[in-house]
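In: Pasting the sequence and the predicted coordinates here, then a few questions.
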Amino acid sequence: MNFDQMLETWKAQDEAPLYGVNSDLLQLVLEHERADIRRQLRREQWATYGLGMGMAAFAGFWLWVAILRAAPVLTTVAAGAGTAAFALGMAALWLSLRRQRRRERQFGNTLREEIARNLSLLDYQLSRFGRWSAAMLWTAPMMVGCGLVYWLMIEVNHDPGESRWDHAWIVIVLVWMGVFLPYAGSRDVQKKLEPRRQRLAELLETLNAGE
Amino acid sequence: MLDAERNQIFGEWIEAHKAILFKVARAYGTTHSDREDLFQEIALQVWHSVDAFRGDSAVATWIYRVALNTAIAWGRKEGKHGRGREEFEASTALLMAAPDRDPRLDWIYQRIAELDEVNRSLALLMLDGFSYRDMSQILGLGESNVGVKINRIKAALAARLAKEQNDEL
């Protein structure tokens, strides 16, 4: 076979394709994909914003109670700070996701830009969850909010016969959630995403070589 | 865009350009099962891309672009192959191989498989007669870089062809 025959052989597969397609199965796959995307989007929206706003509303309720009952200044300030912490966490998340979506939209759809877009997404995920400090920072508003709301509930429902040490376990849980979970999560994310990031960066370098 | 409209366009695209999907799946998938998964993934990405198509390029160029991007990203996602297939019967085949296939095609695909991922894309585009300009637009490479790489691929293929001919003699 010479070069021209090779090209002819190649072109012949357009007339007689290598395969036939099971279009019913392909249709099923598409329907599955569509349903999957909608489900995932709904789940993410509910989980993130629903929980955060719910907690903000809960903290807001305590703020309202504190103001209504003319509670001590410290209690009112704590309720306000709790509400603000949840709202701040949600707003920061919303802004951060929006900024990343804008960043991704800037890329075109050549292979190089596609890789750069994926790289940008991985960098974003790593910047949020790949480092212990960053993961803790992202969890902090929620943890601070939870801590303040719990403290408020103890203050409002304070039983004089109860020792404050009875609540030590919740402090341990909060510290565990605010410190250990981000640590474990960041190690997991780093382990999972860093090799992919490196390979994409290498591929981008290969594409750039010789430019 | 309505789902029905998107599905109609997708159906027309697949009917007219399915050979591109087969070629890319064949060039990047090692086993038949890999090719099935990759074909499915490319088809899904083409379906997703219907909305984004603005008609700035030919449909074939667009589909090649989507297919190659998907194939390269697919090769790099460990443990993600076969997404969505678990729910369908294992015996149900998405791709049904044609019975009488030219063995010389297998030889060409073997040579393509020996190239790295970027050069594999270039080889497919070159064999399908795309211009350097089209290739550079699809892959985001400079035209001169494309030219250099294509010349190397052609030289390597010519050398293999010459070797095969010598061995036959």
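Out: Nice, I can see it.

In: Next, count neighbours for A:I67.
Out: Counted by other Cβ atoms under 10 Å in any protein chain shown, the residues lying close to A:I67 total 13. Just so you know, the C-beta spots here come from the backbone N, C-alpha and C atoms, and that holds for glycine as well.

In: likewise A:R102?
Out: A:R102 has 9 nearby residues by other Cβ under 10 Å.

In: Quick one: the helices in chain A, in order.
Out: For chain A, the helices defined by DSSP state H occupy A:3-15, A:23-45, A:51-68, A:73-105, A:111-125, A:132-156, A:168-175, A:181-208.

In: so can I have JSON lines of the ones you listed showing distance to B:N119 and mean pLDDT?
Out: Below are these laid out as JSON lines (distance: least, Cβ to Cβ, whole Å; pLDDT from 0 to 100):
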{"stretch": "helix A:3-15", "distance to B:N119": "16", "mean pLDDT": "83"}
{"stretch": "helix A:23-45", "distance to B:N119": "30", "mean pLDDT": "66"}
{"stretch": "helix A:51-68", "distance to B:N119": "48", "mean pLDDT": "86"}
{"stretch": "helix A:73-105", "distance to B:N119": "27", "mean pLDDT": "86"}
{"stretch": "helix A:111-125", "distance to B:N119": "12", "mean pLDDT": "80"}
{"stretch": "helix A:132-156", "distance to B:N119": "38", "mean pLDDT": "85"}
{"stretch": "helix A:168-175", "distance to B:N119": "53", "mean pLDDT": "84"}
{"stretch": "helix A:181-208", "distance to B:N119": "9", "mean pLDDT": "82"}
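
In: Chain B: which of these is closest?
Out: helix A:111-125 (3.1 Å; Cβ to the nearest Cβ).

In: quick one: contacts of that closest one?
Out: A:100, A:103-104, A:107, A:189, A:193, A:196-197, A:200-201, A:203-204, A:207-208, B:65, B:68-69, B:72-73, B:118, B:121, B:138-141 (Cβ atoms under 8 Å, 6 or more residues apart in numbering or on different chains).

In: Where does the prediction get shaky in chain B?
Out: B:1-4, B:75-100, B:168-169 (pLDDT under 70).

In: Number of residues surrounding the residue of it found nearest chain A?
Out: Relative to chain A, the nearest point of chain B is B:G140 (3.0 Å; Cβ to the nearest Cβ). Residues within reach of B:G140, counting by other Cβ under 10 Å, total 22.

In: I figured it hits A:T110, correct?
Out: Yes: if you go by Cβ atoms under 8 Å, B:G140 and A:T110 touch, sitting 3.0 Å apart.

In: My guess is B:T61 contacts B:L139. True?
Out: No: counting by Cβ under 8 Å, B:T61 sits too far from B:L139 to count as a contact (11.3 Å).

In: who has more neighbours, these two?
Out: Between B:T61 and B:L139, counting by other Cβ under 10 Å, B:L139 is the more crowded of the two (26 against 17).

In: Setting aside sequence neighbours, what's the nearest residue to the more buried one?
Out: A:L111 (4.4 Å; Cβ to Cβ, 6 or more residues apart in numbering or on different chains).

In: show me what contacts the most centrally placed residue in chain B?
Out: The centroid of chain B falls nearest to B:V24 when counting by Cα atoms, centre = their mean (1.7 Å). Residues counted as contacts of B:V24 (Cβ under 8 Å, 6+ apart) are B:L38, B:I42, B:Y64, B:A67, B:L68, B:T70, B:A71, B:L124.

In: Just the terminal-to-terminal distance for stretch A:160-178.
Out: Start and end residues of stretch A:160-178 are separated by 29 Å (Cα to Cα, to the nearest Å).

In: buried sites along that stretch?
Out: Buried residues in stretch A:160-178, counted by 16 or more other Cβ atoms under 10 Å in any protein chain shown: A:G178.
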